[in-house]
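Peer 1: everything below, folded, please.
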Amino acid sequence: MNVLLVGSGGREHALAFKLSQSPLVQKIYCAPGNGGTARLGENVAIKDDDVSALVHFAVKHGVGLVVPGPELPLTLGLANACRDAGIPCFGPTEFCARLEGSKAFAKEVMLESGVPTAHFAVFDDYAQARAFIEEKGAPLVIKADGLAAGKGVAVCETKESALFALEQTMRDKRFGTAGERVVVEEMLTGEEVSFLAFCDGENIAVMPTCQDHKPVGEGDTGPNTGGMGAFSPASILPKADYPAMAEATILPVVRHMRALGHPFVGVLYAGLIMTASGPKVLEYNVRFGDPECQPLMMRLNADLAEIMLACCQGRLNEVDIRWKPETAICVVMAAEGYPRDYPSGMVISGLDEAEADERVMVFQAGTKVSGGATVASGGRVLGVTALGENLSGARERAYRAVDRVRFEHSYCRRDIGKKGLKWESSSQ
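Peer 2: Sure, this is the predicted structure:
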C-alpha cells in the first residue's frame, strides 16, 4: 500500500524509517517532508495544516494509510476528513485531539475520569486570572490553553513571574490565540517521564518509557524548546510498573472518550511527573513526541505499518509488538540561537560518516536538499540517535556520532541522558 506521512520533523523521518521496513508498504509520500524523508520516499509540497489538499492527494494517489506526525492537522480534523473519504488514518478525531489542542479540556477529562493531576483553574478573563494569582501566590504554572509548539508553559517560582507570564500570554498575545484562555495550576516537583501507548479505541499497547530534555541549556537551564534529546527506557518508571501506570493514566481516558462516543485511535502520550505523593499527569499529547519518537523507532522490533492499521481497524490485540532490549538515545543538533532567532542555510556534512555505525541513525528535522547538498533549514536540525547495551553505552555512541557531523553554528546539549545514569548505576 501507499502511505501518506504528514509532517516535516525528526519524528517524521523516524516514522518513515520504520514504515519503510514494512513489507506492507509500497511507497511513502511525505507532506511536506524534509531532507531525510526524501531519501525514503517522495516529498510532497503540501503543508501539514492543509487538510483538504492532504485528503485530495491521498485519494488521487491510492493511499491506504495516512499517518499524521504533528498535532496540528489532527486538531484541524484530518482524521475526520480521512474517515469521510474512506481512508484509514492513524490518529484521533478532532474531538479526541482536543486532549492536546486544549489544556482546559484535557484537565476536565482528567478530573472526570479520575486521573491524578495538579489542582487547577481555567480563565478566559485576564482580570480574573490576575486576581486569582494575587490571592493564591506562588509557585504556580501558567499554561496557554491552545497549541503553542511546546513553548506555552511557564513555571513560575514567584508571584511576580506568574503575573508576568500571564500578561505575556493573555495581553501581549505571545502565543497568539492559543493564549486567549489559560490554565493556572499548582506547581508539581519531581522527575518527568513520557509514557505512550498505541490505542485502537478500546485496546492499548504501552510503549517503553522515555525521558525528554525540554530546556535548551545543559543542566535543564534556559527557555523550553520542542525537545533537545530523549532516551528510552527511563528507569525511573520500571517496566514492572507499566500495567499499573496504564490503569491510572491511559485506560481511564480511553474508556472516557469511548463512553462519550469518540473512540481514541492513535498514540496517547501521558506526560508524567513522579512526585513525592505519587505519579501525576502534567499533560496529554495525541501523537508521538519529538524527539521521543526517534529512540522508540530505533527500539521497535515489529512492523509499524501493521500496528497502525490494526489500531485503525480495532484489532490491536491481535498484533505482536516487541521491543529491542537495548537502550536508545537521541541527541538533537540545533542551530545556534534556537529556540529564538537562528541562522539557516548551513551545509551539513558527515552524515554518512556518522551512520557508518550500524547502530546509529541521524534523523533529519530542519533540513532540505539544495544544490545536491543537505542544508539546515530549521531550529532543530538533526536528531543523532544510537542504540547501546545500556544508557552509558548508548550515550557514548551517540556523542561519537555527533562529533562526526558538521555544520556551522551547530549546538547540542552534552548532558542528554546524564540524569538517567543514576538510575542505571543504582540498578546494577
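Peer 1: and the strand or helix carrying residue 384, what does it pack onto?
Peer 2: Assigned by DSSP states H and E, residue 384 belongs to strand 380-388. Contact here means 3 or more C-beta pairs under 8 Å, 6 or more residues apart in numbering; DSSP states H and E; on that basis strand 380-388 packs against helix 10-19, helix 293-299, strand 327-335, strand 360-364, helix 391-402. Yep, even glycine has a C-beta here, placed from its N, CA and C like the rest.
Peer 1: need the ones you listed in JSON lines (columns: mean pLDDT, mean neighbour count and distance to residue 422).
Peer 2: Formatted as JSON lines, the helices and strands packed on strand 380-388 follow (pLDDT from 0 to 100; neighbours: other C-beta atoms under 10 Å; distance: least, C-beta to C-beta, whole Å):
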{"stretch": "helix 10-19", "mean pLDDT": "98", "mean neighbour count": "28", "distance to residue 422": "27"}
{"stretch": "helix 293-299", "mean pLDDT": "98", "mean neighbour count": "29", "distance to residue 422": "19"}
{"stretch": "strand 327-335", "mean pLDDT": "98", "mean neighbour count": "28", "distance to residue 422": "14"}
{"stretch": "strand 360-364", "mean pLDDT": "98", "mean neighbour count": "27", "distance to residue 422": "25"}
{"stretch": "helix 391-402", "mean pLDDT": "98", "mean neighbour count": "21", "distance to residue 422": "10"}
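Peer 1: which one of these lies nearest to residue 267?
Peer 2: Closest approach to residue 267 among the helices and strands packed on strand 380-388 is made by helix 293-299 (9.0 Å; C-beta to C-beta).
Peer 1: right, and the helix or strand after that closest one?
Peer 2: Next along from helix 293-299, by DSSP H and E: helix 304-312.
Peer 1: what residues sit buried inside that following helix?
Peer 2: The neighbour-count check on helix 304-312 (16 or more other C-beta atoms under 10 Å) flags 304-312 as buried.
Peer 1: and of the residues you listed, the nearest to residue 373?
Peer 2: Among the buried residues of helix 304-312, residue 304 lies closest to residue 373 (C-beta to C-beta), at 29.9 Å.
Peer 1: check whether residue 197 really touches residue 207, as I assumed.
Peer 2: Yes - look at residue 197 against residue 207 with C-beta atoms under 8 Å: they come within range, at 6.4 Å.
Peer 1: coming back round to it: in JSON lines, list the buried residues of helix 304-312 along with distance to residue 133 and pLDDT.
Peer 2: Putting those into JSON lines (distance: C-beta to C-beta, whole Å; pLDDT from 0 to 100) gives the following:
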{"residue": "304", "distance to residue 133": "45", "pLDDT": "98"}
{"residue": "305", "distance to residue 133": "48", "pLDDT": "98"}
{"residue": "306", "distance to residue 133": "49", "pLDDT": "98"}
{"residue": "307", "distance to residue 133": "44", "pLDDT": "98"}
{"residue": "308", "distance to residue 133": "43", "pLDDT": "98"}
{"residue": "309", "distance to residue 133": "48", "pLDDT": "98"}
{"residue": "310", "distance to residue 133": "46", "pLDDT": "98"}
{"residue": "311", "distance to residue 133": "41", "pLDDT": "98"}
{"residue": "312", "distance to residue 133": "44", "pLDDT": "98"}
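Peer 1: helix/strand/coil for residue 167?
Peer 2: Here residue 167 is helix, with the state taken from DSSP: H, G, I helix; E, B strand; the rest coil.
Peer 1: got a list of what it touches?
Peer 2: Taking C-beta atoms under 8 Å, 6 or more residues apart in numbering as the criterion, residue 167 is in contact with residue 126.
Peer 1: measure it to residue 148 for me?
Peer 2: 16 Å (C-beta to C-beta, to the nearest Å).
Peer 1: output the helices and strands packed on strand 380-388 as a markdown table; include the columns distance to residue 421.
Peer 2: A markdown table is the format used below for the helices and strands packed on strand 380-388 (distance: least, C-beta to C-beta, whole Å):
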| stretch | distance to residue 421 |
| --- | --- |
| helix 10-19 | 24 |
| helix 293-299 | 16 |
| strand 327-335 | 11 |
| strand 360-364 | 20 |
| helix 391-402 | 6 |
